[in-house]
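[1] Mind folding the following:
(chains A and B)
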Amino acid sequence: AQKITQTQPGMFVQEKEAVTLDCTYDTSDPSYGLFWYKQPSSGEMIFLIYQGSYDQQNATEGRYSLNFQKARKSANLVISASQLGDSAMYFCAMRSLNTGFQKLVFGTGTRLLVSP
Amino acid sequence: GAVVSQHPSWVICKSGTSVKIECRSLDFQATTMFWYRQFPKQSLMLMATSNEGSKATYEQGVEKDKFLINHASLTLSTLTVTSAHPEDSSFYICSAVRLAGTSTDTQYFGPGTRLTVL
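    Below is the predicted model:
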């Protein structure tokens, strides 16, 4: 079974500062993918960044980077230079990369508030 | 990027009625769609996996007869909440998997449907 743990129910950061959102996972699959999604108040799920378990380098997408520490089973999201529009819920998720499309398992989420 | 739509975006209904929610992949074919439910301030909970041309696979604890899923074509899946009750009030989100996609970002989410049962 797969499990995602997000221990921070809420985080505050000031505009232009960097923030790290924590995510740890548990799986017995040797091949898996880790995802981060942003959910603003409108409810839509916005894909941010992906990290494959065999990827050698940490993923980066603009202001988003994923601090992947495989031995610790952590996949923290780092947002640099926070903007007011970054205020939202953030969900970490994973799925097995075994044959066939496997379902995503989500964490409980972290609410990020960016203040001016 | 790929677009997935949901209709309606919100619906209010009386207790005991049935409500149908549509999920469409607008610019790609999706053999697999997922239906999630999200209660306020909680995470997404997978309800079922919808496969085109076959019966849906429901997660443990989800009533098949209450939440009817039909994936009639490669671009449309529907979720029908039958005999809805106030406890079914929730945010329902679908996602669609692009055919023969890679492992990255191949699941595209719809904008969600907010159901309120009075």
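[2] Do the worst-scoring helix or strand of chain B on mean pLDDT and chain A come into contact?
    Within chain B, no helix or strand scores below strand B:107-109, which has a mean of 88 by mean pLDDT, DSSP states H and E. Yes: using CB under 8 Å from any CB of the partner chain, we find that strand B:107-109 touches chain A at B:107, B:108, B:109. C-betas here are computed from N, CA, C, even on glycine.
[3] so where's chain B uncertain?
    Applying pLDDT under 70 to chain B flags the ranges B:1-2, B:99-105.
[4] related to what we said a few turns ago, any chance of a markdown table for the residues of strand B:107-109 next to chain A, columns neighbour count?
    Shown next, in a markdown table, are the residues of strand B:107-109 next to chain A (neighbours: other CB atoms under 10 Å in any protein chain shown):
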| residue | neighbour count |
| --- | --- |
| B:107 | 25 |
| B:108 | 23 |
| B:109 | 24 |
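[5] check which helix or strand covers the residue nearest the centre of chain A.
    Compute the mean C-alpha point of chain A, and by CA atoms, centre = their mean the closest residue is residue A:36, 3.3 Å away. Assigned by DSSP states H and E, residue A:36 belongs to strand A:32-39.
[6] Can you classify residue A:50 as helix, strand or coil?
    Assigned by DSSP: H, G, I helix; E, B strand; the rest coil, the conformation of residue A:50 is strand.
[7] thinking it is in contact with residue A:59, fair?
    Yes: between residue A:50 and residue A:59 there is a contact at 6.1 Å, judged by CB atoms under 8 Å.
[8] Direction included, what does the helix or strand where residue A:91 lies pair up with?
    Using DSSP H and E, residue A:91 sits in strand A:88-96. Strand A:88-96 pairs in its sheet with strand A:32-39 (antiparallel), strand A:105-106 (antiparallel), strand A:110-115 (antiparallel), by DSSP bridges.
[9] Kindly present those as TSV, with separate columns for mean pLDDT.
    Listed next are the strands paired with strand A:88-96 as TSV, based on pLDDT from 0 to 100:
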stretch	mean pLDDT
strand A:32-39	94
strand A:105-106	94
strand A:110-115	98
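[10] now these in a markdown table, with distance to residue A:11?
    Converted to a markdown table, the strands paired with strand A:88-96 look like this (distance: least, CB to CB, whole Å):
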| stretch | distance to residue A:11 |
| --- | --- |
| strand A:32-39 | 13 |
| strand A:105-106 | 18 |
| strand A:110-115 | 5 |
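[11] Which one of the ones you listed lies nearest to residue A:2?
    Closest approach to residue A:2 among those (CB to CB): strand A:105-106, 4.6 Å.
[12] outside of that closest one, which residues touch it?
    Strand A:105-106 is contacted by residues A:2, A:3, A:4, A:91, A:92, A:93, A:94, A:95, B:43, B:44 when judged by CB atoms under 8 Å, 6 or more residues apart in numbering or on different chains.
[13] And the first one, how close does it get to residue B:19?
    For residue A:2, the distance to residue B:19 (CB to CB, to the nearest Å) stands at 31 Å.
[14] One more: the second one?
    Summarising the geometry, the distance separating residue A:3 from residue B:19, computed by CB to CB, is 32 Å.
[15] Residue B:87 - that's part of a helix, no?
    Yes: Residue B:87 forms part of a helix when assessed by three-state DSSP.
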